[in-house]
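[1] coords below, sequence missing:
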Ligand SMILES: [Zn+2]
């Protein structure tokens, strides 16, 4: 039996073949798992899974159930605009069309390899447009720094494995420059943006101007993404759905990419 689900509004067409091998579309998981190794900001405590039940019940059947504890901003997660912009969208208020759509990858892994404090420039964004002969308008823009290869080594991924407020000054990882964020807001209309580091501002940021600029314009961000290295520069769909926390400033995110075959 073939079931065809067509999400016309977003241009996504997934053929689901039940009882047989999956459809030919390649689905890439852009998400790190949540466990005791999951990387959080130095000032946040990590992910905690509490086992509430695990084993045979008195009635004779097997039963597992857990509860969990997590900061909103750890592991692969969403930053809602309200995180740095009063009155802008909270997690539950972000329109779904910003979280589903055409994805593009801007590869700055060479620059980030040479300089772990690298900030993605306007020229990097324009270079993608020139090479692809396309505009970033309407896209979900993914910045590939290559830093996901260091996960879950905190020191290599973030620049320090230390925790607490003092560790924040020791963070070194790439991000999007404030000038490039401003250009995206002024000159383009993107849906959302994401990258494979802990923050859309680079590690040495103090003012978090990139967050503030994007979020003032209601553009959400995805952080700590995985597997951007297996995506093409364009021609795929992104589905990035966070846990729908009412009034949330962010939240755990399951993000995937669908590459049509
Ligand atoms: Zn965040």
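    Structure received. In this text the structure is predicted, and so the values were computed from the model without any measurement.
[2] what's around the residue of the stretch 1-150 of the chain found nearest the ion, how many residues?
    Residue of the stretch 1-150 of the chain nearest the ion, by CB to the ion: residue 73 (3.6 Å). Backbone N, C-alpha and C define where each C-beta goes, glycine included. Here the count is done by other CB atoms under 10 Å, and residue 73 has 21 residues near it.
[3] Not counting sequence-adjacent ones, nearest residue to it?
    Nearest residue to residue 73, sequence neighbours excluded (CB to CB, 6 or more residues apart in numbering): residue 250, at 5.1 Å.
[4] Residue 205 now?
    Residue 205 sits nearest to residue 175 (CB to CB, 6+ apart), 6.7 Å away.
[5] Repeat that for residue 63.
    Residue 63's closest residue in space is residue 57 (CB to CB, 6+ apart), at 4.8 Å.
[6] where does that neighbour sit relative to residue 44, distance-wise?
    35 Å (CB to CB, to the nearest Å).
[7] How about residue 68?
    Taking CB to CB, one finds residue 68 at 14 Å from residue 44.
[8] Looking at the two, which is more packed in?
    Ranked by neighbour count (other CB under 10 Å), residue 68 and residue 44 place residue 44 first, with 14 against 10.
[9] show me the residues around residue 129 that make contact.
    If you count contacts by CB atoms under 8 Å, 6 or more residues apart in numbering, residue 129 has them with 135, 136.
[10] Helix or strand: which one has it?
    For residue 129, the host element (DSSP states H and E) is helix 122-132.
[11] What's the mean pLDDT across that helix?
    Averaged over helix 122-132, pLDDT sits at 98.
[12] Measure how far it is from the centre of its chain, please.
    21 Å (CA atoms, centre = their mean, to the nearest Å).
[13] Just give the number of residues close to residue 123.
    So residue 123, with other CB under 10 Å, has 9 neighbours.
[14] List the contacts of it.
    Counted by CB under 8 Å, 6+ apart, residue 123 has zero contacts.
[15] Could you report the distance from it to residue 193?
    Residue 123 is 17 Å from residue 193, by CB to CB.
[16] Could I get the contacting residues of residue 222?
    Contacts of residue 222 by CB under 8 Å, 6+ apart are 30, 76-79, 142, 192-195, 240, 253, 255.
[17] Report the contact partners of the nearest residue to it once chain neighbours are set aside.
    Residue nearest to residue 222 in three dimensions, not counting chain neighbours: residue 194, with 3.1 Å by CB to CB, 6+ apart. Residue 194 sits next to 30, 140, 141, 142, 143, 221, 222, 223, 225, 240, 255 when contact means CB under 8 Å, 6+ apart.
[18] Please apply the same query to residue 183.
    Neighbours of residue 183 in contact, by CB under 8 Å, 6+ apart: 122, 125.
[19] partners of residue 194 in the sheet?
    Under the criterion DSSP bridges, residue 194 forms beta bridges with residue 142, residue 222.
[20] I figured residue 253 was touching residue 31, is that so?
    Yes: taking contacts as CB atoms under 8 Å, residue 253 lies within contact range of residue 31: 6.8 Å.
[21] okay, these two: which has more neighbours?
    residue 253 (25 against 20).
[22] does residue 179 count as helix, strand or coil?
    helix (DSSP: H, G, I helix; E, B strand; the rest coil).
[23] For the residue nearest to residue 205, grab the count of nearby residues.
    When neighbours are counted by other CB under 10 Å, residue 175 comes out with 28.
[24] what does the protein have sitting close to the ion?
    Within reach of the ion by CB under 5 Å from the ion, the chain has these residues: 73, 79, 223.
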